[in-house]
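> Coordinates for the following, if possible.
(2 chains)
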Amino acid sequence: MARPFNVTEVEAKWQARWLDDGTYEVDNDDPRERFYALTMYPYPSGTAHQGHIRNYTFGDLVARYQTMRGKAVLSPFGFDSFGLPAENAAIKAGSHPRLFTEARMAELKSSIRRLGAVYDWRREVYSHDPQFMKYSQQIFLAFLKAGLAYRAEAPVNWCPGCMTVLANEQVLADGTCERSGDLVERKNLEQWFFKITDYAEELLNDIDDLEWPERVKTMQRNWIGRSEGVEFDLALAYDATKALRVFTTRPDTGFGVTYAVVAPEHPMLAELTTDDERASVEALVERAASASEMERTASSDSGDGLEKRGAFTGSFVVNPFTNEQVPVYVADYVLGTYGTGAIMAVPAEDERDHAFATVHGLKIVRTTQPPEGFAGGAYSGDGVHMNSGFLDGLNVADAKVKAAEHLAKHANGITKVNYRLRDWLVSRQRFWGCPIPVVYCEVHGIVPVPADQLPVLAPDDVTMDKSGLSPLATHEGFRNTVCPIGGEPALREADTMDTFCDSSWYFLRFADPFTPDVAFDPVQVAKWMPVDQYIGGIEHAILHLLYARFYLKALVDIGIAPGLPREPFRRLFTQGMIRLDGSKMSKSKGNLVAPERYYETVGADGLRIFHLFVGPPADNVDWTDQTEELIEGCARFLDRIYRLAQYDEVKFHDVVDDTDVAVRRATHRTILKVTEGLDRWSYNTAVAALMELLNTISKTARSDEGIERATLDESLDTLLTLLAPMAPHLTAELWEARRPNDPSVHLQSWPVADPELVREATVTMVVQVNGKVRARLEVDPTISEDDAQSAALADAAIIGALAGVTPTRVVARPPRLVNIIV
RNA sequence: GGGGGCGUAGCCCAAUUGGCAGAGGCAGGGCGCUUAAACCGCCUCCAGUGAGGGUUCGAGUCCCUUCGCCCCUACCA
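Next up, the predicted model:
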């Protein structure tokens, strides 16, 4: 489309100037009130896509707006630059991930700059910076020293495509890898873990105070998955000195326990298994061990699958409520990693147990009276207890208490809280990540790399084939080292850290990237933390945000970040996704609509306005055939401002009249609307308010009567000021042309509405009879209820409508409405 | 299976504590400008809020049922 000004030229001019003049550089001792505006630092995947554009448009708007509100705004940028795609691409291209990554970083940085987003570039950090790595490793070693990092063999999720271990969170619900889509296998490996479970309770409790979207808070709560119950012993029938320990949240249903189940990984399984049953038990265990998580859970809906998935061990345990012997089964619907890895089974009150019992012909005894007409199998709701001895007649809550007391007395029962949350597996068998800074010495075992030898950097000449081993393990020069303690031969750890480790503390380095040798100076960082506004995609609702929360709490506790708040992100905003043909627009799906071409046509400003205007920022955006036209419409809005600022076709008159006052009123009401819109993330309505104002000014200025000059100037200047955080280039350009001797529009204070002008002279009050509008009155906005009522009843149209009937009731809601009921 | 969200005009979306369903944009139509077209300017058509019920003087908004779409989660005992 033809533009009335050279968009490319204007935008390039201002981008260069913002970079040069350091306006958005901010010092840690800035006396102004502080505001930390942070957009999640991106993985460098190349030129920006629409999701980035949307993200950084919002982030830049916040930063510029808060700056105009007089704050010292910390708005940094960096890169989450370690990660699999770079490594895979490098393998494919036969190059080095660093070269690949840095090329992508340059591309992304360039398209972010072309968006007109401004940052304090002095503070740029990226994960693969050796300095940043040094601090990441220092933190790892501090965790190790504090007992928060430990090594353990564990069944892990092995992705055959990525040739690496995945965190539970990186395995999709269907058992495939979130990145490559391969079916994930189970494998036992020695791995590093972070003890995030130590913080489960605090991570859960602190959610309450966060100003985060409710759904993100809910997701985190569910992920942590706290459940209260009782852990107790089921004595073995053949040897009462031994017991199977189980966990339950429903001790009240104890009289209904008709069997017990252990997980295939349970340590007592071999002991419990009798010779007669050994073959079938071993078959089940083998199947469970080799099966992927998906295969293991896939058959949960079919009875056929259930039968295959359980086997009798041949042993019995004693139900501590009934003292009856009940059989012990092994089944893969019980998880070895949760609770005690064994359960008491209550088929009448638990659906899974019910399904299993039905297939295996096990006894089902109801202990809770279901509501009348209940048709299902297992009933897990509240109800009066039955078949339950001393619990009969009690409801669930009361029975739980009594049952727990009984178990405490007779079965070593203790009340116990369990969490779904597992410790964080941080080892990755990859090259392009931060090396874990430990060595393995034959004499001294696990030895931390001494501080003065950090960072441990990977050598460049590493083969990254698909052998399945950590690439670093194959590099003799790196792998073979000497023990820092005694000089004995030692092996370096060959695994690298999960990239979520980097993103768990980068925001702290942003706040103080200047202090050498340590990750940051807590005194400096304390000036900015917590982040006032964090902006990112909903896809990080669980992992990144949970890990970052854990890191900060741990860093405070182990003395690296003393005095800092324990929560990193005070306010969080999660933007909607960009969707094309019903699925998320992403590089991996190959359905991108590149933003670059819009820079040439509608410009960065036009694209920004589109993203702000298309709908609520939290909503998804559907990219359709019509989107092109919507974007052009946004550019047209900017063009109209440009033309008006040239005073094209504008007529002037000399004395301020009523129409001028009306324009001023509209202007000041717009100040309110836009400010409110920006404060409550209603950017679409803020843009709409500006469009409305433009229509008002433009219509008046081009009317035959014309407009008074100072009125036009005030309105136009206000319009430009309010628009500045949204369309920074055009507004800066026009402001400079109009007021060449004044500071930039971006250095102006945010406009304040004049209350006198905002107040309406009169408002229209609707008068209804039985809910139907019968009259409209112009009234004073402060009219009282009585006056509103009598004015309504005195109106000729109303008197006519009532036709002499006496109202039974009059509802007056001044100054909007009076409803007369007859 | 569980949890959350959303259905308003042909389309994207607005609508304080429940108070006249329409702020803005796109598309469509008309007129003006123009030799003509584009651009531009002005005007304009269009829904009773997915469906059904309830509460209320009054429901897009609150409650129940139901349909459709989206997101998260999924043997956690």
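
> CA only for contacts and neighbour counts going forward, please
OK.

> Assumed A:V674 was part of a strand.
No. Counting by DSSP: H, G, I helix; E, B strand; the rest coil, A:V674 falls outside a strand, being helix.

> who touches the nearest residue to it once chain neighbours are set aside in this structure?
In this structure, A:V674 finds its nearest non-sequential neighbour in A:A686, 4.5 Å apart by CA to CA, 6 or more residues apart in numbering. Contacts for A:A686 (CA atoms under 8 Å, 6 or more residues apart in numbering) come out as A:673-678.

> Buried subset of the residues you listed, written for PyMOL?
Buried residues within the contacts of A:A686, by 16 or more other CA atoms under 10 Å, are selected in PyMOL with:
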select buried, chain A and resi 673+674+675+677+678
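
> for the contacts of A:A686, which one is nearest RNA strand B?
A:G677 (8.7 Å; CA to the nearest atom of the strand).

> Taking chain A, what residue is nearest to RNA strand B?
Closest point on chain A to RNA strand B, by CA to the nearest atom of the strand, is A:T248, at 2.8 Å.

> from memory that residue sits against A:G229, does it?
Yes. Using CA atoms under 8 Å as the test, A:T248 is close enough to A:G229 to be in contact (5.4 Å).

> Between those two, point out the one with more neighbours.
More crowded of A:T248 and A:G229, by other CA atoms under 10 Å: A:T248, with 23 against 18.

> residue boundaries of the helices in the stretch 651-800 of chain A?
A:658-679, A:683-701, A:709-723, A:728-738, A:755-758, A:785-794, A:796-802 (DSSP state H, counting those that start in this stretch).

> quick one, what contacts the closest residue to A:A753 other than its chain neighbours?
In space, and not counting its chain neighbours, A:A753 is closest to A:H668: 4.9 Å by CA to CA, 6+ apart. Contacts for A:H668 (CA under 8 Å, 6+ apart) come out as A:752-754, A:757-758.

> Mark which of those are buried, thanks.
Buried among these by 16+ other CA under 10 Å: A:753, A:757-758.

> Kindly indicate which of these lies nearest A:T57.
A:A753 (25.6 Å; CA to CA).

> interface residues of the stretch 601-750 of chain A facing RNA strand B?
For the stretch 601-750 of chain A, the contact set with RNA strand B under CA under 7 Å from any atom of the strand comprises A:613-616, A:619-622, A:626, A:629-630, A:632-634, A:636, A:640, A:684-685, A:687-689, A:691-692, A:695, A:698-699.

> Then the stretch 351-500 of chain A?
So the stretch 351-500 of chain A meets RNA strand B at A:352, A:418-421 (CA under 7 Å from any atom of the strand).

> Am I right that A:L777 is in contact with A:V766?
Yes. Between A:L777 and A:V766 there is a contact at 6.5 Å, judged by CA under 8 Å.

> could you dump the buried ones among the contacts of A:H668 to TSV with pLDDT and distance to A:P76?
Converted to TSV, these look like this (pLDDT from 0 to 100; distance: CA to CA, whole Å):
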residue	pLDDT	distance to A:P76
A:A753	93	31
A:L757	89	39
A:V758	87	37
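
> for the contacts of A:A686, which one is nearest A:D80?
Using CA to CA, these come closest to A:D80 at A:L678, 28.6 Å.

> what about dumping the CA coordinates of stretch A:449-469 to CSV?
Taking Å, rounded to 0.1, in the frame of the first residue of the first chain, the C-alpha atoms of stretch A:449-469 are listed here in CSV:
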residue,chain,number,x,y,z
VAL,A,449,36.0,-28.4,40.0
PRO,A,450,37.8,-25.7,42.1
ALA,A,451,36.5,-22.2,41.8
ASP,A,452,39.6,-20.9,40.1
GLN,A,453,39.3,-23.4,37.3
LEU,A,454,35.8,-22.3,36.3
PRO,A,455,34.3,-22.1,33.9
VAL,A,456,34.6,-25.7,32.6
LEU,A,457,34.4,-25.1,28.9
ALA,A,458,33.8,-27.8,26.3
PRO,A,459,36.5,-28.1,23.7
ASP,A,460,35.6,-27.2,20.1
ASP,A,461,36.8,-30.3,18.4
VAL,A,462,34.1,-32.7,19.6
THR,A,463,32.3,-35.2,17.4
MET,A,464,28.6,-34.9,17.9
ASP,A,465,27.5,-38.1,16.2
LYS,A,466,24.5,-40.1,17.2
SER,A,467,26.3,-42.7,19.3
GLY,A,468,24.0,-42.0,22.2
LEU,A,469,26.9,-41.1,24.5
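
> Could you check what's spatially nearest to A:R430, not counting adjacent residues?
The spatial neighbour of A:R430 that comes closest, neighbours along the chain excluded (CA to CA, 6+ apart), is A:S470 at 5.4 Å.

> Let's have the buried ones among the contacts of A:H668 in JSON lines, adding distance to RNA strand B.
As requested, those are exported to JSON lines (distance: CA to the nearest atom of the strand, whole Å):
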{"residue": "A:A753", "distance to RNA strand B": "16"}
{"residue": "A:L757", "distance to RNA strand B": "15"}
{"residue": "A:V758", "distance to RNA strand B": "12"}
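
> Now render those as JSON lines, adding distance to A:T197.
Formatted as JSON lines, those follow (distance: CA to CA, whole Å):
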{"residue": "A:A753", "distance to A:T197": "51"}
{"residue": "A:L757", "distance to A:T197": "57"}
{"residue": "A:V758", "distance to A:T197": "54"}
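
> Which one of the residues you listed is nearest to A:F5?
The closest of the buried ones among the contacts of A:H668 to A:F5 turns out to be A:A753 (CA to CA; 31.1 Å).

> Run through the residues that contact that closest one.
Contacts of A:A753 (CA under 8 Å, 6+ apart): A:668-669, A:671-672.

> Which pLDDT value belongs to the residue nearest the centre of chain A?
Geometric centre of chain A, nearest residue: A:A541, 2.4 Å, by CA atoms, centre = their mean. On pLDDT, A:A541 comes in at 82.

> Name the nearest residue to it, sequence neighbours excluded.
Nearest non-adjacent residue to A:A541, counting by CA to CA, 6+ apart: A:V216, 5.5 Å away.

> in a strand, that's where A:S280 is, yeah?
No. Secondary structure of A:S280 (three-state DSSP): helix, not part of a strand.

> And the pLDDT for it?
91.

> residues contacting it?
A:A311.

> which parts of the stretch 101-250 of chain A sit against RNA strand B?
So far as CA under 7 Å from any atom of the strand goes, the stretch 101-250 of chain A lies against RNA strand B at A:169, A:172-173, A:215, A:218-219, A:223, A:225-229, A:246-250.

> Show me which of the residues you listed are buried.
A:218, A:223, A:229, A:246-250.

> Output the contacts of A:A686 as JSON lines; include the columns pLDDT.
Shown next, in JSON lines, are those (pLDDT from 0 to 100):
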{"residue": "A:K673", "pLDDT": "94"}
{"residue": "A:V674", "pLDDT": "95"}
{"residue": "A:T675", "pLDDT": "95"}
{"residue": "A:E676", "pLDDT": "93"}
{"residue": "A:G677", "pLDDT": "94"}
{"residue": "A:L678", "pLDDT": "94"}
